[in-house]
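> sequence first, then the predicted structure, then my questions.
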Amino acid sequence: MTEPTRNKIFKALTIAGSDSGGGAGIQADLKTFQELGVYGMSALTAVTAQNTLGVQGVYPLEADAVTAQLDSIGTDLTPDAVKTGMLFSSGLILAVAEKVSQYGWDHLVVDPVMVAKGGSPLLQQEAVQALIRYLLPLALAVTPNIPEAEILSGMKISGMADRETAARLIHAMGPRYVVLKGGHVDEDSPMVTDLVFDGEKFTYWESPRVATQHTHGTGCTYSAALTAELAQHKTVPEAIQTAKAFIHAAIEDGLNIGSGHGPTNHFAYQNRMRGRR
Ligand SMILES: Nc1ncnc2c1ncn2[C@@H]1O[C@H](COP(=O)(O)OP(=O)(O)OP(=O)(O)O)[C@@H](O)[C@H]1O
Ligand SMILES: Cc1ncc(CO)c(N)n1
């Protein structure tokens, strides 16, 4: 019997931590992949006990457990694009970098998650050097927010000229694109500006700032949208265009659930596409 012709299903993999509250981490990534029409896979690095009020517990997995998940995926299901989120320790970073290299996963988005919005550490301080040394050289794109960019570049960022200098320094660590997100700065400004550096030119992505406290998981959701688009063979600039529209809709329709910082709304982008809002 001949095998039935299969429609091409694009597949994306997230290597990240679990957020029990469902707004960030693996949960945000898988919801975003699904909404953008991509089959989602996951390798868990840690379990967090977390809700809209903050992080109540962090339970990292053994490096062997992460390696085993990546081997299960790598030997059977080839992802079209991969993202990393919370990696927690240098041991986990090494395990991930080794498997990403071994399987040749070159459509890699590294979201250098360091601290949750409430201030809980999601990456040990001594792991930053491992991230720079082993993972950034493998990345197609890295998506730091301003505090993460300060730690990676080793410089204080106060104006746009500083952001450009930091982006250059991070680009020199190996990623082909640096996407420096502006959500955390100029919170009184009516616009949010992300800066993208491809090694030659700077591009500014400006969007109206949404006044809301429901921003739990913005970074994860944005990098997952980028990854979903790359999985469908879009270029990085094309992927950014859709990811910005996805995150903007998700923030604009942020969910008022729980009694703290509610999650972004992963349904919002497709609801708009389908004319439901
Ligand atoms: N209030 C806002 N209004 C509109 N866009 C926003 C807002 N906050 C963040 N964004 C956009 O969301 C995306 C994620 O940015 P942000 O700087 O919040 O990431 P992050 O700090 O890594 O998130 P997290 O705190 O979840 O780790 C960026 O494209 C940014 O421009
Ligand atoms: C598991 C996890 N990953 C990433 C973030 C960053 O938003 C978070 N709060 N929790």
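Ah, there it is. Ligands and ions are numbered 1, 2, ... in the order given.

> for the residue nearest to H171 when sequence neighbours are not counted, helix, strand, or coil?
Spatial nearest neighbour of H171, excluding adjacent residues (C-beta to C-beta, 6 or more residues apart in numbering): V178 at 5.0 Å. C-beta: built from backbone N, CA, C; applies to glycine. At V178 the chain is in strand, as set by DSSP: H, G, I helix; E, B strand; the rest coil.

> ok, V178 - contacts?
141-142, 144, 167, 170-171, 195-197 (C-beta atoms under 8 Å, 6 or more residues apart in numbering).

> okay, and which of these map to helices?
Counting by DSSP state H, the part of the contacts of V178 found in helices is 167, 170-171.

> could you turn the buried ones of these into a PyMOL selection?
Selection of buried members from those for PyMOL, criterion 16 or more other C-beta atoms under 10 Å:
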select buried, resi 167+170+171
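
> what stretches of this structure score poorly on pLDDT?
The chain contains residues with pLDDT under 70 at 1-6, 277.

> pick out the residue nearest the middle of it.
Residue closest to the mean C-alpha point of the chain, counted by C-alpha atoms, centre = their mean, is S223 at 3.2 Å.

> against ligand 2, how distant is it?
Look at S223 and ligand 2: by C-beta to the nearest ligand atom, to the nearest Å, they are 10 Å apart.

> over to F197?
23 Å.

> count the neighbours of that residue for me.
Neighbourhood size, F197 [other C-beta atoms under 10 Å]: 21.

> who's in contact with it?
Counted by C-beta under 8 Å, 6+ apart, F197 has contacts 164, 167-168, 171, 177-178, 180, 203.

> quick check, nearest of these to ligand 1?
Distance to ligand 1 across the contacts of F197 (C-beta to the nearest ligand atom) is lowest for L180, with 9.1 Å.

> find the nearest non-adjacent residue to that closest one, please.
Nearest to L180 is L195, by C-beta to C-beta, 6+ apart, at 4.4 Å.

> isn't the one you found right up against R163?
Yes. In this structure L195 lies within contact range of R163 using C-beta atoms under 8 Å: 5.2 Å.

> which neighbours do these two share?
Joint contacts of L195 and R163 (C-beta under 8 Å, 6+ apart) are 180, 182.
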